[in-house]
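Chemist: missing the sequence, but the structure's below:
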Ligand code: 3EB
């Protein structure tokens with residue numbers, strides 16, 4: 001696919017049924033949210049374990065202006081079309097070795113699959129694990145995850161990190177979900193001028209710095225934005241103040257847009273907002289209403305952020321306006 005532009009890629013939050021969305025030939029991926037963990041029958045569908053905050057959650061639907069094919073093997077699912085690919089793997093980490101072995105296994109499988117694919121550029125990845133903050137100091141599960149992820153990436157010779165999210169869920173114990181967007185075309189990683197790059201975080205945050213880029217300029221057009229919290233430099237700001245953290249996270253998002261020379265978020269910019277304490281949802285929603293255009297689609301989920309003091313994190317997309 002070198003030279004040719006990728007087919008248009010879009011992301012929507014939709015209240016249509018899963019069936020009708022999956023019936024569309026251009027649907028690349030469909031995410032439903034909540035505690036229902038019955039396995040999906042279509043490899044394009046993923047049940048994300050974070051609980052929606054307030055109201056029935058929409059589906060998140062990825063579509064490409066092309067025909068889509070899909071398949072699965074040994075717990076790994078893929079779906080591809082128009083130069084794009086979704087790859088997803090779910091691992092049960094209750095086997096010996098726990099989170100480290102499970103994370104390294106999930107990444108090894110996923111990276112090997114991606115490297116052997118026509119869509120071999122890993123652009124954006126999501127990581128969901130339970131009890132993300134359990135364990136003290138360097139034994140914290142998130143820090144163990146960071147070590148395993150880095151080891152696998154190094155073993156696969158991956159030196160340019162994708163944009164990423166790593167968030168805790170309250171679903172079944174030991175369920176690790178990793179899914180990624182890949183392309184036949186390369187993206188361009190972007191860093192946030194207000195933040196130290198995650199891979200350069202100092203030792204105090206753990207023995208292995210997190211391997212992700214702050215955002216990824218997608219081939220064709222658009223920006224995929226990593227989990228963004230109230231981190232300035234490398235420090236977490238506004239402990240115990242969820243309002244100030246939400247405002248700071250949005251300021252970080254705006255700094256990234258400015259860096260990418262993109263206009264403000266609009267109807268084609270779906271954002272996902274992970275809130276640690278369900279009781280904070282209303283305050284967070286109020287900050288979003290104040291700081292974002294009313295047209296910006298937003299989905300609030302209960303999710304634990306990878307540093308214990310962080311109460312809210314936002315990820316999402318700034319896709320071409322339509
Ligand atoms: C931060 O800025 C917040 O480990 O993949 C955000 C996005 C965060 C991705 C990851 C972690 C990750 O450091 C935490």
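Modeler: Everything's here; your move. As the structure is a prediction and not an experimental result, all values here were calculated from the model.
Chemist: Residue of the protein closest to the ligand, please.
Modeler: residue 227 (3.1 Å; C-beta to the nearest ligand atom). In short, each C-beta sits where N, CA and C put it, glycine included.
Chemist: Next, that residue: phi, psi?
Modeler: Dihedral pair for residue 227: phi -50, psi 130, per degrees, to the nearest 10.
Chemist: Ok, residue 282 next?
Modeler: phi -70, psi -40.
Chemist: do residue 188 as well
Modeler: Dihedral angles of residue 188 (phi, psi; degrees, to the nearest 10) stand at phi -130, psi 120.
Chemist: pLDDT score for residue 37?
Modeler: According to the prediction, residue 37 has pLDDT 62.
Chemist: do the same with the one 3 residues further on
Modeler: At residue 40 the predicted local distance difference test score is 80.
Chemist: Then residue 180?
Modeler: 98.
Chemist: doesn't it fall inside a strand?
Modeler: Yes - under DSSP: H, G, I helix; E, B strand; the rest coil, residue 180 falls within a strand.
Chemist: Nearest residue to it in space, please, no chain neighbours.
Modeler: residue 125 (4.2 Å; C-beta to C-beta, 6 or more residues apart in numbering).
Chemist: if I read this right, that neighbour contacts residue 164, doesn't it?
Modeler: Yes - if you go by C-beta atoms under 8 Å, residue 125 and residue 164 touch, sitting 4.9 Å apart.
Chemist: pLDDT of stretch 99-115, averaged?
Modeler: The average pLDDT for stretch 99-115 rounds to 97.
Chemist: Run the contact check for that stretch versus the ligand.
Modeler: No - with C-beta under 6 Å from any ligand atom as the criterion, the ligand is not reached by stretch 99-115; the gap is at least 11.1 Å.
Chemist: can you list contacts of that stretch?
Modeler: Contacts of stretch 99-115 with the rest of the structure, by C-beta atoms under 8 Å, 6 or more residues apart in numbering, involve 74-76, 78, 85, 87, 89, 91-93, 95, 120, 122, 127, 129, 141, 144-145, 147-149, 151-153, 155-156, 158, 174, 176, 178, 180, 182.
Chemist: related to what we said a few turns ago, I'd like to know which elements the helix or strand harbouring the residue nearest to residue 180 is packed against.
Modeler: Applying DSSP states H and E as the criterion places residue 125 in strand 121-130. Counting by 3 or more C-beta pairs under 8 Å, 6 or more residues apart in numbering; DSSP states H and E, the packing neighbours recorded for strand 121-130 are helix 98-115, helix 141-155, strand 163-169, strand 175-183, strand 223-228.
Chemist: Can you tell me which of these is packed in deepest?
Modeler: Of all those, strand 223-228 has the most neighbours on average by mean count of other C-beta atoms under 10 Å, namely a mean of 26.
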